[in-house]
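In: Provide a 3D model corresponding to the input given below.
(one chain, ligands or ions: 1)
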Amino acid sequence: MSPSPPKSDAGAPPRTERETLPLTPWWYWAVPRVALVAAMAAVGALLWLLHRADLEEQRATLISDVLWVEQNLRFHLGKVQGLLEEAARDAADGRLAPGTFAARVELLRGNNPWLVQLAWFGADGSLVAAVPPGLGRDSVGEAAETVPSPETFGFARSLGKAVFSQPYPALGQDYHVEIHVPHFRDRSLTGMMVGIVSLNALLADAVPWWYAQKYALHVVDDSGNVLAKKSRVEAAASPLAYAVAFDPPGRGLLLQALAYRTGTNLTRNLLAASIALLALGVFASLWALRRHVQRRYAAETALRAEHAFRKAMEDSVRTGLRARDLDGRITYVNPAFCRMMGWTESELVDHGPPMPYWVPEDMERTLAVHRRILAGDAPTEGVELKLQRRSGERFDALVYEAPLIDAQGRQTGWMGSVVDISERKQAEQLARSQNERLQFTSRLVTMGEMASSLAHEINQPLAAIASYNTGCLNKLESGRYTTEEIAGTLAKLGAQAQRAGRIVRRIYDFVRRSEPRRAPCDLNAIIGDALGLVEADARARAVRIVRSLAAGPLEVWVDGVMIEQVVVNLLRNGIEAMNDVPAASRELVVKSDAVAAAARIEIADRGCGIDDEAAGRLFVPFFTTKAEGMGMGLNICRSIVEAHHGRIWFEPNPGGGSVFRVLLPRTENP
Ligand code: ADP
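Out: The predicted structure is shown next:
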């Protein structure tokens, strides 16, 4: 329960609605998880689509670039073909002297460095001129076919137009291609201009540098061998590649471009990684949130269970509970408190002092106690207060207070438990009055037992009164008397009458007194009076009483009559204990003396003694070994002595019998 529960909570009927909050529905956590996974999937799909679009775009660019470069190469080759045709025409017309031919070729090679050699053959295939000279020997490797290729020569002649040869390996990992350009006059072949083209040089010269930055460009034959290439580095296998037929030069050659991996991949990957990381972060925080909420939920459930448990406990206890704030205003009451007082919770909560259940005639004391509690001086053993119910019925209550401390450790008020102790008090009262009645009965029994000896005691003054009376009458009848004699006799008579009166009053006091009235008394006088009550009995039983009292008065702060009752009891027990011992040994020693702040009475007999079994039960009510005993004497003695803050105990008498000792205080506040 919270230190100061909200008003609406206090003592309210069971809050089933609040205490059975619905459990989290299954979709509570599933929805955000599904949403997150869907969002991740959507982002993934978007990235994939972007990637796809990017690839498509790259592919489209690649294709157009490849087509463009193929066009470009074709243009170059076409241009050279045109120049060769022109040169062939000039050669056939005899316009090319050897020097002019060489100059013409060098000019051509200057503009087209990939043109390795130019040769002019006669119609029969004989070499007329070659620039540079030494065709087919210096520039061609061992694996090369015959240069120029007779097959291509034949093709060109039979087709009557320029024909490209198959590429063939040349020195320096290069491949060459020949262009055979025939020249006809009147449908008969006049000669064949042959140009040898280096594929590597062609790519190097005709393909722009930026193209090589983007692609690796290969010329590949139909077996997949790379014949020439232009690339920045060795291109790794790329998902983007495109090839077009490279014809001319021809027949099965492919122009293949491989796109380098671009930086966009890295950016996209970085983007994807950061999105994944962010999603992971969101997921982790969602997870943490879920754990937090679960923990809170568990704590809340535990709190509700605890609350319900405490509520049931508060409702079941019969002790009234009420909390007050630091101004003394009531903040909480439990049902038992409401039942005890008769006011409802809503009437009591928020009520400040004076409270309706404070008793008007006891208001001052109650207010003082209230102020003491608020000042933080609440007695730990509780305070007894008289309170009233709504019906006006008064009752005794025991109130315990404890500080109310909140979660921050600050005191917010006081929690008090109120116990209705009127029943207990009534029971105590009943027990007290029963005890008193018992004591009274015991005294009556004692009185009954003492009756004969008291009769004897009273008889003595009565006999003396009777004889003084007879003496007076005799003297009056004889006429021989003096007034003094009569007055003296009457005074003695009066004294005896007073003595008898004192005996009667003593007995009366002995029987009637119930409440202890402590006052300074002389212990020796009390013992004297007690002895006066038992002496007759002692004489009848041949018991000698030895007095060993402290010299002078021994002041004690007691109820004389009650202590007299104790002494009478102990004396009578001592006398009765000696019933079965020889008459010569029947001696009862009564002592009194001062011991520090106490006075001591000692009554030692020479009787039968007390065995171990009896010793344990001697002071227990109704324990007696006597046929007509009541077994209350020693119990009452102990109650009286303890009510005087004294002590009573017994020990064996060294010479046989028992010694009973009583310690009594000598001052008012021992
Ligand atoms: P009661 O005298 O009516 O039996 P008591 O309470 O005075 O009741 O005594 C209880 C019992 O204690 C006696 O019955 C007796 O057996 C024992 N007792 C008391 N005083 C003495 C004593 N001085 N010597 C031996 N026994 C004693």
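
In: how about the residue lying farthest from the centre of the chain, phi and psi?
Out: No residue in the chain sits farther from the centre than Asp186, which is 114.0 Å out by C-alpha atoms, centre = their mean. Backbone geometry at Asp186, expressed as degrees, to the nearest 10, gives phi 50, psi 50.

In: for it, give me the pLDDT.
Out: The model reports Asp186 with a pLDDT of 82.

In: report the separation between the nearest residue to Leu533 once chain neighbours are set aside and the ligand.
Out: Distance criterion C-beta to C-beta, 6 or more residues apart in numbering; nearest residue to Leu533, sequence neighbours excluded, is Val568 at 5.4 Å. (Glycine included, C-beta is placed from N, CA and C.) As judged by C-beta to the nearest ligand atom, to the nearest Å, Val568 and the ligand stand 11 Å apart.

In: equivalent analysis for Val244, please.
Out: 136 Å.

In: can you pull the contacts of that residue?
Out: 66-67, 70, 254-255 (C-beta atoms under 8 Å, 6 or more residues apart in numbering).

In: and the furthest pair within these?
Out: Leu67 and Leu254 (13.1 Å; C-beta to C-beta).

In: higher neighbour count, the two?
Out: Using other C-beta atoms under 10 Å as the criterion, Leu67 and Leu254 rank with Leu254 on top: 18 against 14.

In: show the contacting residues for the more buried one.
Out: Leu254 neighbours (C-beta under 8 Å, 6+ apart): 219-222, 243-246.

In: could you rerun that using 7 Å?
Out: The contact partners of Leu254, by C-beta atoms under 7 Å, 6 or more residues apart in numbering, come to 220, 243-246.

In: hmm, which of these are the buried ones?
Out: Buried residues within these, counting neighbours by 16 or more other C-beta atoms under 10 Å: 220, 244, 246.

In: bridging residues for Glu555?
Out: Asp522 (DSSP bridges).

In: and for Val163, the neighbour number?
Out: 25.

In: from the ligand, how far off is it?
Out: For Val163 relative to the ligand (C-beta to the nearest ligand atom), the value is 155 Å.

In: same question for Glu436.
Out: 17 Å.

In: that residue sits in which helix or strand?
Out: helix 422-478 (DSSP states H and E).

In: which helices and strands sit right next to whichever helix or strand comes after that helix?
Out: Going down the chain from helix 422-478, the next helix or strand is helix 483-512, by DSSP H and E. For helix 483-512, the elements it packs on are helix 422-478, helix 560-577, judged by 3 or more C-beta pairs under 7 Å, 6 or more residues apart in numbering; DSSP states H and E.

In: turn these into JSON lines, including mean neighbour count and mean pLDDT.
Out: Output for these, formatted as JSON lines (neighbours: other C-beta atoms under 10 Å; pLDDT from 0 to 100):
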{"stretch": "helix 422-478", "mean neighbour count": "14", "mean pLDDT": "76"}
{"stretch": "helix 560-577", "mean neighbour count": "24", "mean pLDDT": "89"}
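
In: where does Gly413 sit: helix, strand or coil?
Out: strand (DSSP: H, G, I helix; E, B strand; the rest coil).

In: residue contacts, it?
Out: 4, 323-326, 331, 404.

In: now the two most distant members of those.
Out: Among the contacts of Gly413, Ala323 and Leu326 lie farthest apart (C-beta to C-beta), at 11.1 Å.

In: between those two, which is the more surrounded one?
Out: Counted by other C-beta under 10 Å, Ala323 and Leu326 do not tie: Ala323 has more neighbours, with 23 against 13.

In: any idea what that one is bridged to?
Out: Tyr332, Met415.

In: tell me what the helix holding Glu436 is packed against?
Out: strand 394-405, helix 483-512, helix 523-540, helix 633-643.

In: just the residues contacting the helix or strand following the shortest one, thanks.
Out: Pointing back at helix 633-643 there. Using DSSP H and E, the helix or strand that follows helix 633-643 in sequence is strand 647-652. Residues from elsewhere that reach strand 647-652, judged by C-beta under 7 Å, 6+ apart: 609-610, 637-638, 641, 658-663.

In: please, a ChimeraX command that selects the buried ones among those residues?
Out: Entered in ChimeraX, the line below selects the buried ones among those, by 16+ other C-beta under 10 Å:
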select :610,637,638,641,658,659,660,661,662,663
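
In: which of the contacts of strand 647-652 are close to the ligand?
Out: 610, 658 (C-beta under 6 Å from any ligand atom).

In: turn the contacts of strand 647-652 into a markdown table, including pLDDT.
Out: What follows is these, written out as a markdown table (pLDDT from 0 to 100):
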| residue | pLDDT |
| --- | --- |
| Gly609 | 93 |
| Ile610 | 95 |
| Cys637 | 87 |
| Arg638 | 88 |
| Val641 | 90 |
| Ser658 | 97 |
| Val659 | 97 |
| Phe660 | 97 |
| Arg661 | 97 |
| Val662 | 96 |
| Leu663 | 95 |
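
In: including secondary structure and distance to Ile458, could the contacts of strand 647-652 go into a markdown table?
Out: Formatted as a markdown table, these follow (DSSP: H, G, I helix; E, B strand; the rest coil; distance: C-beta to C-beta, whole Å):
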| residue | secondary structure | distance to Ile458 |
| --- | --- | --- |
| Gly609 | coil | 35 |
| Ile610 | coil | 34 |
| Cys637 | helix | 26 |
| Arg638 | helix | 31 |
| Val641 | helix | 30 |
| Ser658 | strand | 31 |
| Val659 | strand | 32 |
| Phe660 | strand | 28 |
| Arg661 | strand | 32 |
| Val662 | strand | 29 |
| Leu663 | strand | 34 |
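
In: on that earlier part again, so which of the contacts of Val244 belong to helices?
Out: Here DSSP state H is the test, and the contacts of Val244 give 66-67, 70 as lying in helices.

In: tell me the one among these nearest to Pro379.
Out: Closest to Pro379, out of all of the ones in helices among the contacts of Val244 and judged by C-beta to C-beta, is Val66, at 104.5 Å.

In: per-residue pLDDT, that closest one?
Out: 84.

In: for it, give its distance to Ala91.
Out: Per C-beta to C-beta, to the nearest Å, Val66 is found 36 Å from Ala91.

In: for those two, indicate the residue with more neighbours.
Out: Ala91 (24 against 20).

In: my guess is that one contacts Phe121. True?
Out: No - using C-beta atoms under 7 Å, Ala91 is not in contact with Phe121; the gap is 9.6 Å.
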